[in-house]
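Visitor: The following comprises the amino acid sequence and a computationally predicted model.
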Amino acid sequence: MTKGSELSDIERGKIIGLREAGWSFAAIDEHIQRSKSGVSKFWRTRESYDKTKRPGRPRK
């Protein structure tokens with residue numbers, strides 16, 4: 001199973017805004033066309049979302 005692409009800055013802003021407006025994760029994922037688990041994981045780790053390195057062998 002492949003990993004999806006990272007969230008764009010626009011998508012991150014939408015998630016933060018909609019969540020603070022009281023939207024559920026399910027409603028947000030339908031609105032921005034991303035998985036519910038991806039949206040909720042971003043919400044939990046939003047402070048360090050860009051700071052963590054991706055696992056695996058580095059590119060040449």
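Guide: Arrived safely.
Visitor: and the residue positioned nearest the centre of the chain, what element?
Guide: With distances taken as Cα atoms, centre = their mean, the residue of the chain nearest its centroid is residue 42 (3.9 Å). Taking DSSP states H and E as the criterion, the element that holds residue 42 is helix 36-44.
Visitor: From residue 60, how far out is residue 4?
Guide: Residue 4 is 24 Å from residue 60, where distance means Cβ to Cβ, to the nearest Å. (Each C-beta comes from the backbone N, C-alpha and C, glycine too.)
Visitor: Would you mind listing the outside residues contacting the helix holding residue 42?
Guide: Contact with helix 36-44 is made by 4, 7, 12, 15, 19, 25, 26, 28, 29, 32, 49, as judged by Cβ atoms under 8 Å, 6 or more residues apart in numbering.
Visitor: among the residues you listed, which ones are buried?
Guide: Using 16 or more other Cβ atoms under 10 Å as the burial test, the contacts of helix 36-44 include 7, 12, 15, 19, 25, 28, 29, 32 as buried.
Visitor: So the third one sits against residue 7, correct?
Guide: Yes: the pair residue 15 / residue 7 is scored as a contact, 7.4 Å apart, by Cβ atoms under 8 Å.
Visitor: Give me the buried positions along the helix holding residue 42.
Guide: For helix 36-44, a neighbour-count test (16+ other Cβ under 10 Å) marks 38, 39, 40, 42 as buried.
Visitor: quick one: the second one from residue 58, how far?
Guide: Put plainly, it is residue 39. 28 Å.
Visitor: next one: the first one
Guide: Taking Cβ to Cβ as the criterion, residue 38 is separated from residue 58 by 24 Å.
Visitor: what's the weakest-modelled helix or strand in the protein?
Guide: One helix or strand of the chain scores below all others by mean pLDDT, DSSP states H and E: helix 36-44, with a mean of 90.
Visitor: ok now it, how far from the chain's centre?
Guide: Here the centre of mass of C-alpha atoms in helix 36-44, compared against the chain's by Cα atoms, centre = their mean, to the nearest Å, lies 5 Å away.
Visitor: ok, now stretch 28-46?
Guide: Centroid separation for stretch 28-46 versus its chain: 5 Å, with Cα atoms, centre = their mean.
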